[in-house]
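Chemist: Have a look at this fold, sequence not included:
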């Protein structure tokens, strides 16, 4: 079931921005996530990062636009270990085309090293529906180590699929990544990493084995949170799969040679309800 759920989150042809550094050029395909990628309310966004001088503990002091990073009461990421069982899922996924069960697809991709992560933007999207609101898949990106933890334990990496509604609301699906076997489905991305921050590459006709991106479990954690980077805006709906996928040590190390530690630590729960859902409604 989770394979079918995630397949419908991916575009018919394939499978958050973490923000861009002030030196990174604009990305034409990223306009739908400007609010996530550019943190300043006006003018140039204040530079932020993950080092001691500009890292998560200092974000709120870098710009007035980043105050929620410190004062927010529904911040992400969090530790998911205290989740309670949920009833029926309110998340509904609608297929864009009839070909989503095919494991191999070709499409155009844009890869961007935005100074904080490797972001992949798609030429097609699919839609998820949650509580009557539709969200279109915009892009996906990676963190190392994982931002979400379970009972205090982190994973080597985490993959975030970012969706946006017409009203500008965000819904993010997180997939935890553990060290294991080589995952060839990621080869088209891993073999085409941009060579420097700010570089964007356009790839045509990329073939992807979609199923290898997906966990086998149909369970996921659900909670209300925020962006995990400045401006740390709240009101983001989060869905994190309860089972990880695998990448090999060599694949994880290859990403870390480009991006080494781009994870915000888990934030206080502040009484929020974290629910572990057992499934999702997917039309046949």
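Modeler: Good, I have the coordinates. Computed from a predicted structure; not experimentally measured.
Chemist: now the strands for the protein?
Modeler: Along the chain, counting by DSSP state E, strands occupy 84-85, 91-94, 104-113, 118-122, 127-130, 133-143, 157-164, 170-179, 200-209, 220-226, 234-241, 245-247, 275-277.
Chemist: Need those strands in a markdown table (columns: distance to residue 45 and mean pLDDT).
Modeler: C-beta here means a position set from N, CA and C on the backbone, and glycine is covered the same way. Putting the strands of the chain into a markdown table (distance: least, C-beta to C-beta, whole Å; pLDDT from 0 to 100) gives the following:
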| stretch | distance to residue 45 | mean pLDDT |
| --- | --- | --- |
| strand 84-85 | 37 | 92 |
| strand 91-94 | 32 | 52 |
| strand 104-113 | 16 | 75 |
| strand 118-122 | 16 | 88 |
| strand 127-130 | 28 | 71 |
| strand 133-143 | 17 | 86 |
| strand 157-164 | 18 | 92 |
| strand 170-179 | 18 | 94 |
| strand 200-209 | 18 | 78 |
| strand 220-226 | 17 | 94 |
| strand 234-241 | 18 | 94 |
| strand 245-247 | 31 | 96 |
| strand 275-277 | 33 | 91 |
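Chemist: CSV please, covering those and showing mean neighbour count and distance to residue 189.
Modeler: Output for those, formatted as CSV (neighbours: other C-beta atoms under 10 Å; distance: least, C-beta to C-beta, whole Å):
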stretch, mean neighbour count, distance to residue 189
strand 84-85, 8, 35
strand 91-94, 18, 23
strand 104-113, 18, 7
strand 118-122, 24, 6
strand 127-130, 19, 22
strand 133-143, 22, 9
strand 157-164, 24, 11
strand 170-179, 22, 13
strand 200-209, 15, 8
strand 220-226, 22, 23
strand 234-241, 21, 19
strand 245-247, 21, 11
strand 275-277, 17, 28
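Chemist: which stretch among these comes nearest residue 269?
Modeler: Between residue 269 and the strands of the chain, the tightest spacing by C-beta to C-beta is seen for strand 220-226, at 8.6 Å.
Chemist: Relative to that closest one, what are the paired strands and their orientations?
Modeler: Applying DSSP bridges to the sheet, strand 220-226 is found paired with strand 234-241 (antiparallel), strand 275-277 (antiparallel).
Chemist: Tell me what angle the first one forms with strand 133-143.
Modeler: Same thing as strand 234-241. On the basis of axes from the mean of the first three to the mean of the last three C-alpha atoms, to 10 degrees, strand 234-241 is oriented at 70 degrees to strand 133-143.
Chemist: Let me see the residues that make contact with strand 234-241.
Modeler: 2, 6, 68, 72-76, 80, 91, 130, 148, 169-176, 215, 217, 219-227 (C-beta atoms under 8 Å, 6 or more residues apart in numbering).
Chemist: Turn the strands paired with strand 220-226 into JSON lines, including distance to residue 256.
Modeler: Shown next, in JSON lines, are the strands paired with strand 220-226 (distance: least, C-beta to C-beta, whole Å):
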{"stretch": "strand 234-241", "distance to residue 256": "21"}
{"stretch": "strand 275-277", "distance to residue 256": "30"}
